[in-house]
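A.B. asks: Fold the following, please.
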Amino acid sequence: MILDGQGRVLLFQFVFSEGPLAGTAFWATPGGGCEAGETFEAAARRELFEETGLVVEDPGPQVAQVRVSFRLPDGRMADVDQRFFLLRTDDFLLSPKGWTDEEQRVLTQHRWWSLDDIRQSNETIWPAELAEILISLRLPLIGAR
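C.D. replies: Reported below is the predicted structural model:
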């Protein structure tokens, strides 16, 4: 999870127009799977670079772990152990240069969300527990009560 100086979290919108997920749209934090032999921390660093262009030595502390089952773009079901690391950053210019062909097709936009934005949204946001995770961090967040 990437938080800016205002305590907002960066989310990407995924919109699928074809294949088994056609008609599906959701917002999610940057991330992805571990490659063979890769630690969760190394995967977080790699995915951060691939999806945003940011290069960091330390992806931040692990702040959450969520087990979830979901359908992959090819239609297969996946049971995933997700780890969330917290990276605080200043404003930066996001670079899509590391996006895969699939990501270029389905990542339609990105934006910074406040806690209130997340709580009030009718859109699907992953992880589903994102608001609770942010609150548990006890950080100064816009919209925290």
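
A.B. asks: next one: phi and psi at residue 27?
C.D. replies: Geometry field for residue 27 lists phi and psi as phi -110, psi 140, criterion degrees, to the nearest 10.

A.B. asks: so what's residue 50 up against?
C.D. replies: Residue 50 is in contact with 32, 98, 99, 100, counting by Cβ atoms under 8 Å, 6 or more residues apart in numbering. For the C-beta atoms, the positions are set from N, CA and C on the backbone; glycine is no exception.

A.B. asks: Quick check: it is in a strand.
C.D. replies: No - counting by DSSP: H, G, I helix; E, B strand; the rest coil, residue 50 is located in no strand; its state is helix.

A.B. asks: On the pLDDT front, check it for me.
C.D. replies: The confidence metric pLDDT takes the value 95 at residue 50.

A.B. asks: Let me know the average pLDDT across the helix or strand in which residue 12 is found.
C.D. replies: Assigned by DSSP states H and E, residue 12 belongs to strand 9-15. Within the predicted structure, the mean pLDDT of strand 9-15 is 97.
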